[in-house]
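# Test case, fold it:
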Amino acid sequence: MQAPKPHRNLSLFVGLWLGLTLVAGLGTFGVLYWAANNSAAPTEPTAVVIVETPPATLPTPTSAPTVSQPISQGPACNWLPYPASDFGYGIQVHALIPGVDSMPYVTMARDKLGLQWVKLQVRWQDIETQPGQINWDFLDNALEATCANGLRVMLSVVAAPEWARANALPGNEAPPDDYQTFANFVIAILQRHPGKVEAVEVWNESNLEREWNTPNGVSAVEFAQLVQVASTAIKAVDPRVKIISGAPSPTGINCNGSWPACAGGRPAVVDDATYLTQFVAAGGLNYVDCVGIHANGTNLPPDADAYNPPPDTGFNFKGPWTTPHYSWSLRSQVEKYVQIMEAAGNVKPLCMTEFGYASPVDGKFPPGYDYALDVDEQKQAEYLVAALNWMRESGRVQLAFIFNLDYGPKGGDPLEDDNVIFSLLNKQGAPRPAFDAIGAMPKP
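Have a look, this model is predicted:
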């Protein structure tokens, strides 16, 4: 069995954030707090980065789109009934493992958890190692399993193969040099599995050099162009597919050059609020149905006001109280993104493509996750249920994916693998309390 790919930024930036984003995102997941030590949380972003001024409209794509025929719909997937609230409940499943049957885990999402959506993160570089040579083993089993269970699928597509990114710098991941090649890859999936993909998240946490390692550095304007090209091409083939902008990582800081010096150079990290503001100004919202968002589960309740947290009695990790910041709580993260869109006069719904709460596994957690000490397994369950209820009732979030179902039994040592401490299944594959709580909660 292939080991799970690290999904979180924290695996690369240990000590950034608590000194504390996700996956590939969960690419990475969570709040990447660039702090100097483990005792302080970030302040509001300061003017470390020289922010580029986005153009009034998106630049013209450099290549002509490949002409693709509209797909013919395949056999009906018999989707599960949708909640009356029109709020989608989902979870990320690590299902893209060649030779491993994904059916048992996908069936869990339906029968045991009562969800309607599954998120699959597709690492393009692992699937199309040479142009046009696609190893479908990664996807066929998973998409057949989700369709058989009536589960809607969001594909989070990341990590361009080396042949598609000749201009990328060494190390980390990067988008393709020609954005149309990304669109072509997604279209190939849609045409092989017509009617089985309901949404596509375009890229992941592109406000980090870890995911956007190009000569120009992190750029919301260039990301907006990727979204434009991908959305235009995908909608021409299957207009039914929901386009979600790849969620940025909540970072709390801007950094030009290399961490931790940030002494100048190309942008390596852009604060997510700054990045979203630039993306909106560049016209990116015109090409999406939903705006992707990641919310890190710290030790604060999901509905807490991050600027006015509850009394710190009983909490070991004090970051939210010593340095208030919107990204300490899910509620404040959502409200910040809505505020940015309202200021621009173009409000789109939010899709929470990753959220979760870290809880130690067998008493273990990786360095930099001190806040997990305040979240035992019962608290993890309580917070996940409260987060889903708050998002549904807010009217701002349309769709939400828990991170994650099954990295526990499929991942590594919880001292090193941060995916494991978010999992709803333990190392032996048995349900943790959060699994049972999600299954039992009403989903109106």
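
# Show me where the protein has its strands.
For the chain, the strands defined by DSSP state E cover 27-28, 88-92, 117-123, 128-130, 133-134, 152-158, 199-202, 242-245, 255-256, 267-269, 290-297, 350-357, 397-402.

# from the middle of its chain, how far away would the fourth one be?
Same thing as strand 128-130. With Cα atoms, centre = their mean, to the nearest Å as the basis, strand 128-130 stands 24 Å off its chain's centre.

# how about TSV for the strands of the chain, with mean pLDDT, distance to W390 and mean neighbour count added?
(Each C-beta comes from the backbone N, C-alpha and C, glycine too.) Shown next, in TSV, are the strands of the chain (pLDDT from 0 to 100; distance: least, Cβ to Cβ, whole Å; neighbours: other Cβ atoms under 10 Å):
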stretch	mean pLDDT	distance to W390	mean neighbour count
strand 27-28	34	24	30
strand 88-92	98	13	25
strand 117-123	97	18	24
strand 128-130	95	39	14
strand 133-134	95	40	13
strand 152-158	98	21	25
strand 199-202	98	22	26
strand 242-245	98	20	24
strand 255-256	96	31	22
strand 267-269	96	28	26
strand 290-297	94	11	28
strand 350-357	98	11	29
strand 397-402	98	9	25
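
# got JSON lines for those, with distance to L276 too?
Below are the strands of the chain laid out as JSON lines (distance: least, Cβ to Cβ, whole Å):
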{"stretch": "strand 27-28", "distance to L276": "17"}
{"stretch": "strand 88-92", "distance to L276": "22"}
{"stretch": "strand 117-123", "distance to L276": "21"}
{"stretch": "strand 128-130", "distance to L276": "30"}
{"stretch": "strand 133-134", "distance to L276": "33"}
{"stretch": "strand 152-158", "distance to L276": "18"}
{"stretch": "strand 199-202", "distance to L276": "14"}
{"stretch": "strand 242-245", "distance to L276": "9"}
{"stretch": "strand 255-256", "distance to L276": "17"}
{"stretch": "strand 267-269", "distance to L276": "14"}
{"stretch": "strand 290-297", "distance to L276": "8"}
{"stretch": "strand 350-357", "distance to L276": "11"}
{"stretch": "strand 397-402", "distance to L276": "15"}
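
# ok, the closest residue to L300 other than its chain neighbours - contacts?
In space, and not counting its chain neighbours, L300 is closest to S329: 4.5 Å by Cβ to Cβ, 6 or more residues apart in numbering. Neighbouring residues of S329 by Cβ atoms under 8 Å, 6 or more residues apart in numbering: A295, T298, L300, P301, P302, D303, A304, D305, A306, P309, P320.

# Also Y307?
P324, Y326, S332.

# Also V118?
Residues counted as contacts of V118 (Cβ under 8 Å, 6+ apart) are G90, I91, Q92, V93, A95, V106, A109, T146, L151, R152, V153, M154.

# Check A304 too.
A304 is in contact with P310, P320, W328, S329, R331, S332, counting by Cβ under 8 Å, 6+ apart.

# Of these, which is the most crowded?
Most neighbours among these, by other Cβ atoms under 10 Å: W328, with 31 neighbours.

# quick revisit: tell me which of the strands of the chain sits nearest to A166.
Comparison of the strands of the chain against A166 by Cβ to Cβ identifies strand 128-130 as nearest, at 14.0 Å.

# so how far is stretch 116-133 off the chain centroid?
That offset, for stretch 116-133, works out to 15 Å (Cα atoms, centre = their mean).

# correction: stretch 270-290
When C-alpha coordinates are averaged (Cα atoms, centre = their mean), stretch 270-290 and its chain have centres 15 Å apart.
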